[in-house]
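In: Predicted coordinates and the sequence they were generated for:
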Amino acid sequence: MKRAVRKAQNVSRMCMVCGVENRLGLRAHFYEVEGGDLVGVFTPSPEHQSYPGRMHGGMISAILDETIGRAVNIRDPEAWGVTVELSLRFRKPVPLDGPVKAVARITGEVRRLFEGTGEIVLADGTVAAEAQGRYLRLPLDRIADTDFVDREWFPDQVDVPSAIEA
């Protein structure tokens with residue numbers, strides 16, 4: 001089902017998942033969509049494989065972790081989270097021959113913790129992997145250098161689609 005895209009989230013310089021200058025990274029784009037979900041779009045390369053033609057489970061885990069962890073920014077753009085717990089279920093191989101999509105949402109928040117779920121959705125609409133996680137909300141100065149936002153965190157220059165399958 002196509003959903004309206006509200007905005008693209010920021011990206012960073014060297015993150016493995018969204019870093020625009022990380023030559024081995026996924027160079028992901030994240031879109032906040034109607035209904036409160038976050039959609040991440042990634043284009044894997046041969047460096048991301050495990051068995052030939054299949055994405056490595058560690059990369060799938062990183063995609064889901066990043067997408068769920070970022071979903072909190074829809075409600076609170078100043079929120080930063082650190083993964084406390086991540087549980088995954090792998091259902092199908094994720095091919096390397098085209099874009100990969102992750103969809104995530106926040107399912108609960110209590111004090112400094114938030115929880116979320118997400119899934120990798122293949123081009124035919126089937127779910128290849130799903131995850132649930134818990135994250136600790138921390139101030140940015142406890143996670144990274146204080147100049148991180150000025151140096152490493154900036155608006156994505158991608159053309160934002162008006163709608164996306166989610």
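Out: Perfect, I can see it now.
In: Identify each of the helices in the protein and give its residue range.
Out: All helices of the chain, identified by DSSP state H, fall at 57-75, 148-152.
In: and residue 7, which of these is closest to it?
Out: Evaluated with Cβ to Cβ, the helices of the chain place helix 57-75 nearest to residue 7, the distance being 9.2 Å. All C-beta spots, glycine's among them, are computed from the backbone N, C-alpha and C.
In: how much space between the residue lying farthest from the centre of the chain and residue 96?
Out: Each residue of the chain has a distance to the centre, and by Cα atoms, centre = their mean the biggest one is for residue 52: 23.8 Å. Remark: distance between residue 52 and residue 96 (Cβ to Cβ, to the nearest Å) = 9 Å.
In: cool, and residue 65?
Out: Where residue 96 is concerned, residue 65 sits at a distance of 19 Å (Cβ to Cβ).
In: do the same with residue 17
Out: 16 Å.
In: For the nearest residue to residue 90 once chain neighbours are set aside, list each beta-bridge partner.
Out: Beyond its immediate neighbours in the sequence, the residue positioned closest to residue 90 (Cβ to Cβ, 6 or more residues apart in numbering) is residue 129, lying 5.0 Å away. The residues listed as beta-bridge partners of residue 129 by DSSP bridges are residue 90, residue 120.
In: burial of residue 126, as a residue count?
Out: Other residues lying near residue 126 total 11 when counted by other Cβ atoms under 10 Å.
In: check contacts around residue 82.
Out: Contacts for residue 82 (Cβ atoms under 8 Å, 6 or more residues apart in numbering) come out as 135, 136, 138, 143.
In: please redo it, this time with the cut-off set to 10 Å
Out: Residues near residue 82 by Cβ atoms under 10 Å, 6 or more residues apart in numbering: 69, 135, 136, 137, 138, 142, 143.
In: Does the third one touch residue 114 like I think?
Out: When you say that, I think you mean residue 136. Yes: Residue 136 is within contact range of residue 114, at 8.5 Å (criterion: Cβ atoms under 10 Å).
In: Neighbour count for these two, which is higher?
Out: More crowded of residue 136 and residue 114, by other Cβ under 10 Å: residue 114, with 24 against 16.
In: And the strands in the protein?
Out: Secondary structure of the chain, counting by DSSP state E: strands at 2-8, 11-12, 29-33, 38-42, 81-90, 100-110, 113-121, 127-137, 153-154, 163-165.
In: Fine by me, we can end here.
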